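> After the sequence you'll find the predicted model.
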Amino acid sequence: MPQDAPQSSPPLLAAKVRVPQNVVFRSFPAETVVLNLQTGKYHGLNPTAGRMLEVLVESETVNDAVEVLAAEYDRPAAGVERDVQDLCRALLDRGLIETEGATAD
């Protein structure tokens, strides 16, 4: 079957997200701090994005994380999927996460 599905990033949805060895993160009540030890740059995530990162790392795939987050926040999966994919792309662009088993294209 051709992969001309209307969704923008099926490969990303099938990917496993992991944090590289040179990146650490820690959640606090007001934000999650993500530090790239190679560059010395840190990034602050709001509580929702921080929770998304936690669930992404714990889940087998991005799509699994979307399902968990949609249930947690009682939101439609389509909207959560968009938000999670946007966060993944931003973190990938900054080298703060990596994907296994699929690409973000």
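Okay, I see it.
> For the spatially most central residue of the chain, I want the exact helix or strand it lies within.
For the chain, the residue lying nearest the average C-alpha position, counting by CA atoms, centre = their mean, turns out to be Cys88 (3.9 Å). Cys88 belongs to helix 77-93 when elements are defined using DSSP states H and E.
> Which neighbouring elements make contact with that helix?
Helix 77-93 is packed against helix 10-14, helix 47-58, helix 62-73, strand 98-100, with contacts defined by 3 or more CB pairs under 8 Å, 6 or more residues apart in numbering; DSSP states H and E. Using the backbone N, CA and C atoms, a C-beta is placed for each residue, glycine as well.
> just to revisit the earlier point, which residues touch the residue nearest to the centre of the chain?
Leu12, Val17, Leu56, Val62, Ile97, Thr99, Ala104 (CB atoms under 8 Å, 6 or more residues apart in numbering).
> And those, which is closest to Val24?
Of all the contacts of Cys88, Ile97 has the smallest distance to Val24: 12.2 Å, by CB to CB.
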